[in-house]
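Peer 1: fold the stuff below for me.
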Amino acid sequence: MLKAISFLLALTAAAFAQDSAKDAAQVWNLEKAYWEYVKTNDLEKYRALWYEDFLGWPYVSSAPIRKDHITDWITANTSKGVKLQSYSIEQLAIRVTGYIAINDYRIKADWATSKTAEVRTDALRITHTWIRTHGTWQILGGMSAPVNADGK
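Peer 2: As a prediction, this is how the structure comes out:
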């Protein structure tokens, strides 16, 4: 009997690990989609990534914001003719526990000005907390900060 219980526990743990890895891959794919939506200026799809009761603190804001201001930083750039030209992201850590996932990564984003062809590079550290809701994952909270001078 003890062997049977041990076997069932091992199967449950293996299934949980597989689900967790699948969830982590889904969250990471949504994180990549996030930046594609920024690049294509698809604000509708971008907003759909955010949980209704989102609260976060982006580095461009002097105070935490809610979902109704989540696209402000994008429109502040596009209104000046600045558009995301290219980016590279580096996933550093992800943890999925049940219906919550925390994802930490770095990004280098190159922004181009249409009028002068001037390029600005932002290097950021980002943490997003995702929640599984209504059959998908949405961003529940987050914070970003400039990368340190040493690139970390």
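Peer 1: where exactly do the helices run in this protein?
Peer 2: When secondary structure is read from DSSP state H, the chain shows helices at 2-40, 43-48, 72-78.
Peer 1: can you list the low-confidence ranges for this structure?
Peer 2: Across the chain, the stretches falling below the confidence threshold (pLDDT under 70) are 1-18, 151-152.
Peer 1: and with 80 instead?
Peer 2: Within the chain, the stretches falling below the threshold (pLDDT under 80) are 1-19, 114-117, 149-152.
Peer 1: next, name the residue at the spatial heart of it.
Peer 2: For the chain, the residue whose C-alpha lies nearest the mean C-alpha position (CA atoms, centre = their mean) is Glu31; its distance is 4.1 Å.
Peer 1: that residue touches Thr129, doesn't it?
Peer 2: No. Counting by CB atoms under 8 Å, Thr129 is not a contact partner of Glu31; they are 11.8 Å apart. Backbone N, C-alpha and C define where each C-beta goes, glycine included.
Peer 1: shared neighbours of these two, which are they?
Peer 2: Counting by CB atoms under 8 Å, 6 or more residues apart in numbering, the shared contacts of Glu31 and Thr129 are Asn103.
Peer 1: find the nearest non-adjacent residue to the residue nearest to the centre of the chain, please.
Peer 2: Using CB to CB, 6 or more residues apart in numbering and skipping residues adjacent in sequence, the residue nearest Glu31 is Asn103, 5.9 Å away.
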